[in-house]
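S.K.: Compute the structure for the input listed below.
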Amino acid sequence: MSELNKIVLEILNNGKGILAADESTGTMSKRLESVNVPSTPKNRLLFRETLFSSSIMKECIGGVILYDETIKQNSSKKNKIPDLILSNGSLPGIKVDTGAKVLAGSPNEKITEGLDGLRERLKEYFDLGAKFTKWRGVYNISENYPSKLSIQSNAHALARYSSLVQECNMVPIVEPEVLMDGDHSAKDCYQKTSEVIKKCFDELISHKVDLKGIILKPNMILAGNKSKDKISGEEVAKLTVECLKNSVPSEVPGIAFLSGGQSEIEATENLNLINKNNNTGFIMSYSYGRALQQSALKFWSKNLQDIEGTQKVFNHRAKMNTLAAQGKWSKEIESK
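M.R.: This next block holds a predicted model:
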């Protein structure tokens, strides 16, 4: 077993998942302002530190994805943030892309940037304590999209990124997100997601990436958020498992789903059904941002000093998702 494969298993074993706390300053500002909390470096750190020091971390959260600002900060007790995460039984990771920009040649689509100077930045993040990294490609669905240009360009970027990350002895999270924005059907989502993922693996293999040392972070197969043809959770699970079984090479050890605009309960319920239907060799867990944080954020916004109460809300959500990652969640347990 390679060192990278060991890191993957440490992050995802026994129902553990990933806390995506890698919101850019702009995105985090919007989240805080939506609950009437001023977005200052102090407040951003206070909320994140509250989650990172929760008692549930050791049991449920195998990895935390950080943003450049956070990985360089110290906690209120003067510990480095990566050390705080490690001391609570989880591994620190880092988002390394610099965002999705307009794709030249297809102005309605996006290409993720950040390859320039990446090797040097990776060395810095490794020295700061990062064990894994994340890069997100985004694809929108409509009659003409995603285009072959978008699928090819983003797959190539994800592969180049992954190759550089493994060279630096870290695990790359490969995140090709087919967005749920739009009125497309689940069948469209299935077809486009399959095409996107297959092209990603073609490129990863061409770039000699060790597939046993990556985590795939895909979307679930869902109808668009404006679609009139919504499907049941059972169908989401069946289509998602089938899509990944047919698109992902068997060497890949683990898949950690993004929540992609689902509500907290939807994200948990669908993950649970996926694991009840999981007839593959893949670990299927979660890498959630909003779907792990939103209730805790709302609670915390009422009293920024109520650390214990905020952690209790977060602990519950993390526990529910870890049960779902083992196919053991139920509505009865949720409401206890």
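
S.K.: now stretch 310-321: mean pLDDT?
M.R.: The average pLDDT for stretch 310-321 rounds to 98.

S.K.: Any buried residues in that stretch, and which?
M.R.: Neighbour-count burial for stretch 310-321 flags Thr310, Gln311, Val313, Phe314, Asn315, Arg317, Ala318, Lys319, Met320, Asn321 (criterion: 16 or more other C-beta atoms under 10 Å). From N, CA and C alone the C-beta is placed, and that goes for glycine too.

S.K.: Closest one to Leu211 out of those residues, please.
M.R.: Nearest to Leu211, judged by C-beta to C-beta, of the buried residues of stretch 310-321 is Asn321 at 25.2 Å.

S.K.: quick one: that closest one and Tyr161, what's the gap?
M.R.: 26 Å (C-beta to C-beta, to the nearest Å).

S.K.: repeat for Leu84
M.R.: In terms of C-beta to C-beta, Leu84 sits 27 Å off from Tyr161.

S.K.: cool, Tyr139 as well?
M.R.: Computed as C-beta to C-beta, the Tyr139 to Tyr161 distance reads 16 Å.

S.K.: mind listing the helices for the stretch 51-200 of the chain?
M.R.: 57-60, 68-71, 81-87, 118-128, 148-167, 186-206 (DSSP state H, counting those that start in this stretch).

S.K.: Output these as a markdown table; include the columns mean neighbour count and mean pLDDT.
M.R.: Output for these, formatted as a markdown table (neighbours: other C-beta atoms under 10 Å; pLDDT from 0 to 100):
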| stretch | mean neighbour count | mean pLDDT |
| --- | --- | --- |
| helix 57-60 | 20 | 98 |
| helix 68-71 | 21 | 95 |
| helix 81-87 | 21 | 97 |
| helix 118-128 | 16 | 98 |
| helix 148-167 | 21 | 98 |
| helix 186-206 | 20 | 98 |
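
S.K.: element containing Ala296?
M.R.: Using DSSP states H and E, Ala296 maps to helix 290-302.

S.K.: average model confidence for that helix?
M.R.: Model confidence over helix 290-302 averages 97 on the pLDDT scale.

S.K.: now do stretch 12-28
M.R.: For stretch 12-28, mean pLDDT rounds to 96.

S.K.: Check which residues of that stretch are buried.
M.R.: The neighbour-count criterion (16+ other C-beta under 10 Å) identifies Leu12, Gly15, Lys16, Gly17, Ile18, Leu19, Ala20, Ala21, Asp22, Glu23, Met28 as the buried residues of stretch 12-28.

S.K.: So which of the residues you listed sit within helices?
M.R.: Taking DSSP state H as the definition of helices, these contribute Leu12, Met28.

S.K.: Just put the buried residues of stretch 12-28 in TSV and tack on distance to Glu113.
M.R.: What follows is those, written out as TSV (distance: C-beta to C-beta, whole Å):
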residue	distance to Glu113
Leu12	28
Gly15	35
Lys16	31
Gly17	28
Ile18	23
Leu19	25
Ala20	20
Ala21	22
Asp22	16
Glu23	18
Met28	20
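
S.K.: What is the nearest of the buried residues of stretch 12-28 to Asn5?
M.R.: Nearest member of the buried residues of stretch 12-28 to Asn5, counting by C-beta to C-beta, is Leu12, at 11.0 Å.

S.K.: On the pLDDT front, check the nearest residue to the closest one once chain neighbours are set aside for me.
M.R.: If the residues on either side of it in the chain are set aside, Leu12 comes closest to Gly254, at 4.2 Å by C-beta to C-beta, 6 or more residues apart in numbering. We have a pLDDT of 98 for Gly254.

S.K.: residues contacting Gly254?
M.R.: Counting by C-beta atoms under 8 Å, 6 or more residues apart in numbering, Gly254 touches Val8, Leu9, Ile11, Leu12, Ile215, Leu216, Phe282, Ile283, Met284, Ser285.

S.K.: make it 7 Å
M.R.: By C-beta atoms under 7 Å, 6 or more residues apart in numbering, the contact set of Gly254 is Val8, Leu12, Ile215, Phe282, Ile283, Ser285.

S.K.: Helices - which of these land there?
M.R.: Val8, Leu12.

S.K.: From the contacts of Gly254, pick the one nearest Pro146.
M.R.: Among these, Ile215 lies closest to Pro146 (C-beta to C-beta), at 22.1 Å.

S.K.: about what we covered before: can you tell me which of the buried residues of stretch 310-321 is nearest Asn270?
M.R.: Taking C-beta to C-beta as the measure, Asn270 lies nearest Asn321 of those, at 10.9 Å.
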